[in-house]
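**Student:** Provided below for reference: sequence and predicted model.
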Amino acid sequence: MHVVIIGNGISGISTARWVRKLSDHKITVISSESEHFYSRTALMYIYMGHMRYEDTKPYEDHFWAKNRIDLVKGHVDSINYKEQAISLNNGTQIQYDKLVLALGSKSNKFGWPGQDLKGVTGLYNLQDLETIESYSKNLKSAVIVGGGLIGIELAEMLHSRHIEVTMLVREKSFWDAVLPFEESQMITRHILKNGIKLQLETNLQEIVDDGNGMACAVIAKESGEKIDCGLVGLTAGVSPNIGWLKDTGLEINRGIVVNDHLQTSIPNVYAIGDCAELSNPKPGRRGVEAIWYTGRMMGETCAYNICGKEISYDAGIWFNSAKFIDIEYQVYGEVLAKPKEHHKSLYWEHADGDKSVRIVYDDLEKSVVGFNLMGIRFRHEVCEKWLKEKTDIKAVVKDLSLANFDPEFYRTYEVEIAQSFTEQSGISFSNPKRSNLDRVLSFLKA
Amino acid sequence: MSEVYKSMSISNPHPPFADGIQKAMTAVAAIGLLIMVLVTVGIESLSTPLNLVISLALMVVGTIGFAWRAFKIKPSGIKNNGIWFSSTMSRGVVGWIAGIVITGFYIILYWYEGLLGLGSNGVANTGLIGFFDPLAMAIKGTAASQWFVYGTLYTVAILIFGVRFIWKYRHNRYQVIRTLSVMGFQLFFAYLIPEILESLNGEYATKWFEKDLKNMWPLDYDFFDKWHIANMSGAGLVGWGFLIFSLLMIFVISPFLTYKYGKRWYCSWVCGCGGLAETAGDPFRHLSDKSIKAWKIERWMIHSVLVFSIVMTVAVVYGYLGDGSQYYITRTMFTVIVVILLVITAGVFYYFMNKREDAKKDLQKVIYGLAGVIALILIINFLIGSGNAFFIDNYSFKKWYGFLIGAAFSGVVGVGFYPLMGSRMWCRFGCPMAAILGLQQKLFSRFRITTNGSQCISCGNCSTYCEMGIDVRAYAQKGQNIVRSSCVGCGVCAAVCPRGVLKLENGSSDVYEKTIDIRNNHIKMG
């Protein structure tokens, strides 16, 4: 059997690796972006000089031949579902028995005037990075439109090269559609402290052409202010990279529609990762979840289904993480910007304003539903176990040190946190116990 | 309504990669160095105590001033910006020049000490060594030697680059405390205490022995030499104290601490070689080779050096036990003791081989290796029967070890190649002490680097900044804990991880299953 995978990001590569683990099928991975799999999340570090491109490749180049995974660098022009064949733009035809679409995303553009000028770019793939690099020489200032995870990364990148950065953010406070108010304020402060300019509640009116097809300024909608710049970063989210598949018979909504087994509407064709839309997502989850971790889990699930071990995709308990310049962020479970009905949240923030712990619980059942961490690391499995078992909030706070994942010798705040939670909620939390790894391991085994 | 926020900072907190002050500081340090170079090449008029103070002070001020601009004035956090764009730090022209200059210095230090002005046969020191005479007089009451000069510069380097490292990682208490530890051990245990003890020697003044308590055999490969044992045992209570403590260190204290905390207690908290690598070597840590090929070479090389050092030591001791003098033990007794020790070691490995599925193959190799060593020793004793092991003079065998491993590898290549192959070349490929502690760490230590569930994004920062060339990401992206004999526990992988995925920790309840769980497998098939 020949398994053909279009896209060599984390989703496609996870499928390839797992198909190889589970079977002897012939595997071909096609990508027009790069010859080898590299970590998209590390693009920013290449630009900042922390790593070279080759350092972002998770496997050495000899890995692929050794594991009999054929890599093809080429662009897919069309797919003939009837003949089960794809054609590349160099004329090559490739037959498949199973086809996996792991096409990723593209940066959103909302029809802004000037959005296709030179010097206007998103930050998603290697080509975007090359574009940004090519305009960075002698660049004095840049404007970033959109304040999500990619926006802050791009701001940090440019800032590291001493380029003046202005961010135009639609929201009242940074990323407050996702982050609760206090955390959003913390990141807002942190951005300003680092010398990045932030214009909140500001939309993009247009990008100004310098007369040669090159962006030279943006105009903010609300203030009408014109901000001169040599580069415009569009980071107002991403959407599935599926434009070229419209009207080919494949069922498409926001993304390529897939069932629980990640199968599309066409036999022997699967879709995974950023480009896939689950027709039946778990309650509280979205159909399209364009993040690294879900891509990896889908890739693995897809491989099982291809290899005849039918299994439904289970997105598990939500988790995600990011780093806002110097502040690390982790989330486990359900922490929404506006808490659900019956959900209450307890929030502790360190006096330095750079660290916080938020625990959300169900006020009726008193069970924990989510954790939101800033500047403090928590242990994934411990949080997951508490969430799965709907642990009582008092028990969680009492054992909070089990979750601490900060390096050794770091100051711990469990006692302070418990006291602060007691004051906020009227629930009397007992002082947390101290933990060590052996306690954690026995907790996880129990 | 839109509200415009302006930066609250007075100035951009990210100044250019090297601003005016940093360039000036570089010049200051360079002038300090230049004074030493001028004295070395024979401008004796500069060789005054005041100039020594000025020269050292300029180097200290220049380096610390540079680091202050580079790190202290910026917000705390991981600041690796521009490392791969820097000529010094990415094997550019400056890096190569630095590598050649340091390598050259080591060659002169080891084999052409005359060029540094060492006086012999009663002639006073001149040049660089003469320049340091006043300091040596002040500390220990004798003239300087090339080793005193080297020790002083080495200590100064660890201290000033230690300050730089602490500023760079000041948000990370593990890094701060660990760096204070290596700075303290170098300043007191390796430098001041031995030099001062030297001056208090009195009647034993001629009987030099190693007074750096942390410098254990086999890193200190002279330890079991005839003269060294004789000098220790002939130096009264202090000498015997050092002898007994050193033996306890080798056989009891170090395995115990490695069991408790991993080899990091030594390699990145105490050791002088490690101390220099962690401080002066930090700007080059990312230059280590991460390939599987390099790992294969590493394992062969470091364990060969270990075997070489054990065989060499046994041969040397065996040689002098038969020289006609009276000793507490005879040759045969010695051979029996060594063979028993090695058989016990092999037994221990065999025991772990059955406990540790994941390390079975490696352990088999180790046991074969040990069997080979035991056979060699028995051959020396019973078949050859002469004072000379392997048909060559025992001391010339040792001389070769001293030349190849002790000097060429640990010094010339080990430090000289910092800017070319990273800061831990010696620790990774050549140090027999690291090899022993590594075996202990792999087999029975409570230490591991825990991977946090499925949080890894495969970015590669951990692998890039691993000075030992461990491909940390290969484990982290599988959700597997990292247990590698070479890991010195510097903790930088955990520090640079942008997602908080790694944590160095110790636990006793899962010592033999540390690496078994692979948490990134999303689908659990029964």
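**Tutor:** Yep, it's here. Numbering: from 1, shown residues only, chains lettered A, B, ... in the order given.
**Student:** B:V61 reaches B:T26, doesn't it?
**Tutor:** No - with contact taken as C-beta atoms under 8 Å, B:V61 and B:T26 are classed as non-touching, separated by 11.4 Å. Where C-beta positions appear, they are placed from N, C-alpha and C, glycine not excepted.
**Student:** Just want the residue of the stretch 201-350 of chain A that's nearest chain B.
**Tutor:** Per C-beta to the nearest C-beta, A:D326 is where the stretch 201-350 of chain A lies closest to chain B, at 3.2 Å.
**Student:** Can you report how many residues neighbour the nearest residue to that residue once chain neighbours are set aside?
**Tutor:** Computed as C-beta to C-beta, 6 or more residues apart in numbering or on different chains, the closest residue to A:D326 that is not its neighbour in sequence is B:G77, at 3.2 Å. Neighbourhood size, B:G77 [other C-beta atoms under 10 Å in any protein chain shown]: 19.
**Student:** residues contacting B:G77?
**Tutor:** Applying C-beta atoms under 8 Å, 6 or more residues apart in numbering or on different chains to B:G77 gives the contacts A:325-326, B:171.
**Student:** Show the pLDDT at the one residue in the stretch 301-450 of chain B that gets nearest to chain A.
**Tutor:** Here the stretch 301-450 of chain B gets closest to chain A at one residue, B:T450, 7.6 Å apart by C-beta to the nearest C-beta. On pLDDT, B:T450 comes in at 97.
**Student:** In three-state terms, label it for me.
**Tutor:** strand (DSSP: H, G, I helix; E, B strand; the rest coil).
**Student:** Apart from its chain neighbours, what residue comes closest to it?
**Tutor:** Counting by C-beta to C-beta, 6+ apart, the residue nearest B:T450 is B:K503, at 4.8 Å.
**Student:** One more: B:G274?
**Tutor:** Of all residues not flanking B:G274 in the chain, B:C267 sits nearest, at 4.6 Å (C-beta to C-beta, 6+ apart).
**Student:** which residues touch stretch B:197-214?
**Tutor:** With C-beta under 8 Å, 6+ apart, stretch B:197-214 has contacts from B:139-142, B:185, B:189-190, B:193-194, B:220, B:222-223, B:228, B:230-232, B:234-236, B:238-239, B:242, B:245-246, B:249, B:266, B:270-272.
**Student:** correction: stretch A:378-394
**Tutor:** Residues from elsewhere that reach stretch A:378-394 (C-beta under 8 Å, 6+ apart): A:316-317, A:319, A:330, A:332-333, A:346, A:359, A:361-362, A:365-371, A:396, A:402-405, A:427, A:429-430, A:440, A:443-444, B:452-455, B:500, B:519.
**Student:** among those, which ones are buried?
**Tutor:** A:317, A:319, A:330, A:332-333, A:346, A:359, A:361-362, A:367-371, A:396, A:402-405, A:429, A:440, A:443, B:452-455, B:500, B:519 (16 or more other C-beta atoms under 10 Å in any protein chain shown).
**Student:** phi, psi of A:Q95?
**Tutor:** phi -80, psi 140 (degrees, to the nearest 10).
**Student:** Pull up the per-residue confidence for it.
**Tutor:** The predicted local distance difference test score for A:Q95 is 98.
**Student:** Could you check how far it is from A:Q84?
**Tutor:** 6 Å (C-beta to C-beta, to the nearest Å).
**Student:** if you count what's nearby, which of the two comes out ahead?
**Tutor:** A:Q84 (19 against 12).
**Student:** Give me the phi and psi for that one.
**Tutor:** Torsion angles, degrees, to the nearest 10, at A:Q84: phi 50, psi 60.
**Student:** wait, the residue nearest to B:G274 sits on B:V488?
**Tutor:** Yes - B:C267 is within contact range of B:V488, at 3.8 Å (criterion: C-beta under 8 Å).
**Student:** so what sits against both of the two?
**Tutor:** Common contacts of B:C267 and B:V488 (C-beta under 8 Å, 6+ apart): B:274, B:427, B:434.
**Student:** With neighbour count and pLDDT added, can I get the residues you listed in TSV?
**Tutor:** Formatted as TSV, these follow (neighbours: other C-beta atoms under 10 Å in any protein chain shown; pLDDT from 0 to 100):
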residue	neighbour count	pLDDT
B:G274	29	96
B:C427	27	96
B:A434	30	96
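**Student:** Which ones among those residues lie within helices?
**Tutor:** Secondary structure from DSSP state H places B:274, B:427, B:434 of the shared contacts of B:C267 and B:V488 in helices.
**Student:** Throw the residues you listed into a markdown table and include distance to B:G151, thanks.
**Tutor:** What follows is those, written out as a markdown table (distance: C-beta to C-beta, whole Å):
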| residue | distance to B:G151 |
| --- | --- |
| B:G274 | 16 |
| B:C427 | 19 |
| B:A434 | 22 |
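**Student:** which one of those residues is nearest B:R299?
**Tutor:** The shortest approach to B:R299 among those belongs to B:A434, at 12.0 Å (C-beta to C-beta).
**Student:** Good, wrapping up.
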